[in-house]
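*Asks:* based on what follows, work out the 3D shape:
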Amino acid sequence: MSVDVAIRKELRADDRSFRLDVAFRSEHRRIVLFGPSGAGKSLTLRAMAGLLSPDEGHVRVDGRALFDRDAGVDLRASERGVAYVFQDYALFPHLTVAQNIGFGLHRGWLNPRRGIHDARVRHWIDAFELAGVAGSYASRISGGQRQRVALARALVAEPRLVLLDEPFAALDPALRGRMRAELLALQARLDLQLLVITHDPADVDVLDGHTIELRDGRVA
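*Replies:* Below you'll find the model as predicted:
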């Protein structure tokens, strides 16, 4: 699967401005956007996921245009087949693990019912070994379990590409090492295509993917 990104976006706040001008193409199963805070990594992911509309350019996944300013294409986030896992996981603390995983499968504002009724939710609960906490509230589980819940919620919709925003930054050093290994094992087992952003050189070494360095809104 190919990922083809060429986007430009001008951002202004008060007397400050930032110009994002990023272009890259990759067919690697694991892509790493590396760079310091403020380099434009998260902005790039948001544009790919449909959470930010660039001023110019295109975003294509496996030849399919998700965004193309010249062609007038700007698919909604729900139509892109791209899953975004936020740095803080963005779980709903008042919902159980099972409800969080199934949230994206339901339209409208109603929360999924308690209990596991959807076979897709049960599949990912089993795949991530979360059965023991499926009925627990997301606010009462460990950091490693929260990361697995966030990944399960992303994967339940069967996305073509998974975007992970600093997935290890909030973890303590011991858990960080385990979760890096767990993510690599998961990708190998499920044959996922991942795009991971990080500012940590250790993540770059362990993930060993197609690394693209960003500096000041551009590919270095």
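
*Asks:* show me where the protein has helices.
*Replies:* In the chain, helices defined by DSSP state H lie at 41-49, 97-102, 119-127, 143-155, 173-190, 201-207, listed in chain order.

*Asks:* for stretch 5-20, give the mean pLDDT please.
*Replies:* For stretch 5-20, the mean pLDDT works out to 93.

*Asks:* end-to-end on stretch 54-68?
*Replies:* Its start and end residues considered, stretch 54-68 measures 9 Å (Cα to Cα, to the nearest Å).

*Asks:* again with stretch 61-81
*Replies:* Terminal-residue distance, stretch 61-81 (Cα to Cα): 9 Å.

*Asks:* elements contacting the least confident helix or strand in the chain by mean pLDDT?
*Replies:* In the chain, the helix or strand scored least confidently by mean pLDDT, DSSP states H and E is helix 173-190, which has a mean of 82. If contacts are counted by 3 or more Cβ pairs under 8 Å, 6 or more residues apart in numbering; DSSP states H and E, helix 173-190 sits against helix 143-155, helix 201-207. No exception for glycine: its C-beta is placed from N, CA and C like everyone else's.

*Asks:* how about that helix as PDB, C-alpha atoms only?
*Replies:* C-alpha atoms of helix 173-190 as PDB (Å, rounded to 0.1, in the frame of the first residue of the first chain):
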ATOM      1  CA  PRO A 173      10.300   3.900  30.500                       C
ATOM      2  CA  ALA A 174       9.600   0.200  31.400                       C
ATOM      3  CA  LEU A 175       6.100   0.200  29.900                       C
ATOM      4  CA  ARG A 176       7.400   2.100  26.900                       C
ATOM      5  CA  GLY A 177       9.700  -0.700  26.000                       C
ATOM      6  CA  ARG A 178       7.000  -3.300  26.300                       C
ATOM      7  CA  MET A 179       4.500  -1.400  24.300                       C
ATOM      8  CA  ARG A 180       7.000  -0.800  21.500                       C
ATOM      9  CA  ALA A 181       7.500  -4.600  21.300                       C
ATOM     10  CA  GLU A 182       3.800  -5.200  21.500                       C
ATOM     11  CA  LEU A 183       3.000  -2.800  18.700                       C
ATOM     12  CA  LEU A 184       5.600  -4.400  16.400                       C
ATOM     13  CA  ALA A 185       4.200  -7.900  17.200                       C
ATOM     14  CA  LEU A 186       0.600  -6.700  16.600                       C
ATOM     15  CA  GLN A 187       1.600  -5.200  13.200                       C
ATOM     16  CA  ALA A 188       3.300  -8.400  12.100                       C
ATOM     17  CA  ARG A 189       0.300 -10.500  13.200                       C
ATOM     18  CA  LEU A 190      -2.400  -8.300  11.600                       C
END
